[in-house]
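Engineer: following is a predicted model, sequence given first.
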Amino acid sequence: MPDASFLSQKGSKAAQNPIRVDLKIYSEAMENLYHPKTNPSGTLPMNIAENQLCWEMLRERIQKVTREKNIPDWVANYTDSNGAPCFRKSTAEFLSQFLFHCPVDPDSLAFSVGATSVIEMTSFLLANPGDTAVIPAPSYPVYSGDIGNLPGVLRFDLQLPGGFKDSEYDFEISLLDQAKAEIESKGSQFRMLILTSPDNPTGKIYREDHLRKIASWCMDHQIHLVVNEIYGLSQIDITHPELQSDYPNPAPFVSFGKLMNELKSPFLHFWYSFSKDFGISGFRIGLLHSHNAALIQGYQNAGAGHCISNYTQWVMQEVLDDHAFLNSYFKEFKTLLTQAYITFTKGLKNLQIPFNPSRGSLFVWLDLSEFLEEKSESGEEKLWLDIYKKTSVLLTPSQGFGHQQRGWFRVVITSISPSEMEVALDRLKGFVEDQRGKSCR
């Protein structure tokens, strides 16, 4: 552990607390990656939310831009800290055409270097230190640091009733009343409600009627509702013949941006990033969409240190303007994502491993509770490490997701190739059969 005695209190805390608990093992795994010929016993990391399914397709389009286009002069200069006007315009048209299906005002957008920066900036501008953000559990563990490290906002994990067997959230408004009362009894203020749809890690969505009820409650109580649709275009084709039976009477996915366009409330906001749907987490492009003019202005005034490289904005503007390419890209992405999901869940079904049916995202949320020696956080960690030690398949541990049901783990199905997926499934099969064999002895 490094000596942090000469740092600030926040600096000392940061030095001693990693962003997430699996990063050290992930770094080790990346040094010993599986290769069918040169390293057949190597590791298969399936814990980091990266999308590699269509990178070659997108890379080819980006290289075409850099080969054939001259870099405009504005790229070398300072521009609007909320994003270059031409880039905001192209992104507004992209959101309108592919996600919201309604008009988007470019001036309602503000950009920062990645989703983390957007979450941090939004929390800093909407909430005071010590205020609370409510997040339905299970949810993205790193929200805690994004809203807490610099903004000083507390996380409240809202426990939703029921198990993990549905592809849509059944959300009771009374839960928000209960959370508000509990938070206020502790001397804090319920300032933000953060939803992710499709969700991380479950892949569930929030139905339009529920979103409307939640938005109405938040507006009535002057609480900021933020919906994160970072996986908005990472949707499973639930009409596929091999999947239809898992989705009885599914509701259509409706972007929160459409409701925002209708309601125009200063308490409704939207997050997005290009990292997941486009598979370019390294490009660091995140955005806030809001009809709250003061929030957008505050973002512009306070966000100079979070600006995206103008070169990155220009390259992606050229890609976003090519709607014919985007149509082809997202069609191919949906096909490959659906196939990866089918392959992995078919393997789970063969092993009789329960999982939550996903509507979207890059994940499968699966139940390995039968292999827990004890239903506790330490029991989950032991099982997670045991799986990795015996299979070299690295799952996402459940620590930090905030839910109370023990034994559930997240698997990223877009971070390895189809052939590697088969290897991972075969290794997990060996682990499961071995564990079940021990219990029968």
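Structural biologist: Thanks, I have it. Numbers count the residues shown, from 1 in each chain.

Engineer: pull the distance from the longest helix seen in the chain to the chain's centre.
Structural biologist: Determined from DSSP state H, the single longest helix within the chain is helix 323-350. Relative to the mean C-alpha coordinate of its chain, helix 323-350 is positioned 17 Å out (Cα atoms, centre = their mean, to the nearest Å).

Engineer: got the buried residues for it?
Structural biologist: Residues of helix 323-350 classed as buried by neighbour count (16 or more other Cβ atoms under 10 Å): 325-326, 329-330, 333-334, 336-342, 344-345, 347-348. Every C-beta, even on glycine, is put in place using the N, C-alpha and C of the backbone.

Engineer: so after it, what's the next helix or strand?
Structural biologist: Using DSSP states H and E, the helix or strand that follows helix 323-350 in sequence is strand 363-367.

Engineer: buried sites along the very next helix or strand once past that next one?
Structural biologist: Elements were assigned by DSSP H and E; along the chain past strand 363-367, the next helix or strand is helix 377-391. Burial within helix 377-391, assessed by neighbour count using 16+ other Cβ under 10 Å, is assigned to G379, E380, L383, W384, I387, Y388, T391.

Engineer: what pLDDT, on average, does helix 377-391 get?
Structural biologist: Mean per-residue pLDDT for helix 377-391: 96.

Engineer: roughly how far is stretch 52-68 from the heart of the chain?
Structural biologist: Put simply, stretch 52-68 sits 23 Å off its chain's centre (Cα atoms, centre = their mean).

Engineer: neighbouring contacts of that stretch?
Structural biologist: Identification of contacts with stretch 52-68 by Cβ atoms under 8 Å, 6 or more residues apart in numbering yields 278-280, 315, 318-319, 322, 325, 328-329, 332-333, 336-337, 340, 414-417.

Engineer: again, 6 Å this time
Structural biologist: Contact with stretch 52-68 is made by G279, V315, E318, V319, F325, Y329, E332, F333, L336, T414, as judged by Cβ atoms under 6 Å, 6 or more residues apart in numbering.

Engineer: give the contact list for the fourth one.
Structural biologist: It refers to V319. R61.

Engineer: and the gap between it and L351?
Structural biologist: 40 Å (Cβ to Cβ, to the nearest Å).

Engineer: strands along the stretch 51-200 of the chain, start to end?
Structural biologist: For the stretch 51-200 of the chain, the strands defined by DSSP state E, counting those that start in this stretch cover 109-112, 132-137, 154-159, 190-196.

Engineer: distance check, the most centrally placed residue in the chain against E182.
Structural biologist: Against the mean C-alpha coordinate of the chain, by Cα atoms, centre = their mean, the closest residue is N200 at 5.1 Å. N200 sits 24 Å away from E182, going by Cβ to Cβ.

Engineer: V21 too?
Structural biologist: According to Cβ to Cβ, V21 stands 27 Å off from E182.

Engineer: try G130
Structural biologist: As judged by Cβ to Cβ, G130 and E182 stand 15 Å apart.

Engineer: which one of those two has more residues nearby?
Structural biologist: With other Cβ atoms under 10 Å as the criterion, G130 and E182 differ in neighbour count, and E182 comes out ahead with 15 against 12.

Engineer: show me where the chain has helices.
Structural biologist: Along the chain, counting by DSSP H, helices occupy 9-16, 23-30, 55-68, 85-95, 115-126, 143-148, 174-185, 208-221, 256-263, 293-302, 310-320, 323-350, 377-391, 418-439.

Engineer: out of those helices, flag the one nearest K165.
Structural biologist: helix 323-350 (13.4 Å; Cβ to Cβ).

Engineer: model confidence for T335, exactly?
Structural biologist: 98.

Engineer: my bad, S439
Structural biologist: Reported pLDDT for S439: 68.

Engineer: next: P151.
Structural biologist: What the model reports for P151 is a pLDDT of 96.

Engineer: who's in contact with A110?
Structural biologist: Here A110 is in contact with N82, L288, I296, Y299 (criterion: Cβ under 6 Å, 6+ apart).

Engineer: list the beta-bridge partners for it.
Structural biologist: Beta-bridge pairing for A110 (DSSP bridges): L288.

Engineer: report the separation between it and I194.
Structural biologist: A110 sits 17 Å away from I194, going by Cβ to Cβ.

Engineer: same question, Q404
Structural biologist: For Q404, the distance to I194 (Cβ to Cβ) stands at 19 Å.

Engineer: so these two - more neighbours on which side?
Structural biologist: I194 (25 against 8).

Engineer: tell me the pLDDT of the nearest residue to Y341 once chain neighbours are set aside.
Structural biologist: Distance criterion Cβ to Cβ, 6 or more residues apart in numbering; nearest residue to Y341, sequence neighbours excluded, is I236 at 5.4 Å. Predicted confidence (pLDDT) for I236: 97.

Engineer: next, count neighbours for I236.
Structural biologist: Counted with other Cβ under 10 Å, the neighbours of I236 add up to 24.

Engineer: need the contact list for it.
Structural biologist: By Cβ under 6 Å, 6+ apart, the contact set of I236 is T338, Y341, S358, G360.

Engineer: again, but for Q435
Structural biologist: Contact analysis of Q435 by Cβ under 6 Å, 6+ apart lists F371.

Engineer: pLDDT at it, what is it?
Structural biologist: In this model, Q435 is scored at 94, pLDDT.

Engineer: and the contacts of stretch 251-271?
Structural biologist: By Cβ under 6 Å, 6+ apart, the list of residues contacting stretch 251-271 from outside reads 99-100, 102, 118, 168, 205, 207-208, 211, 215, 218-219, 224-228, 289-292.

Engineer: if I look at P357, how far off is L225?
Structural biologist: In terms of Cβ to Cβ, P357 sits 26 Å off from L225.

Engineer: can you check Q244 too?
Structural biologist: In terms of Cβ to Cβ, Q244 sits 32 Å off from L225.

Engineer: looks like the residue nearest to the centre of the chain contacts Y140 (just checking).
Structural biologist: Yes. Between N200 and Y140 there is a contact under Cβ atoms under 6 Å: 4.8 Å.

Engineer: what comes up buried for stretch 85-95?
Structural biologist: So, applying 16+ other Cβ under 10 Å, buried residues of stretch 85-95: C86, F87, R88, K89, S90, T91, A92, E93, F94, L95.
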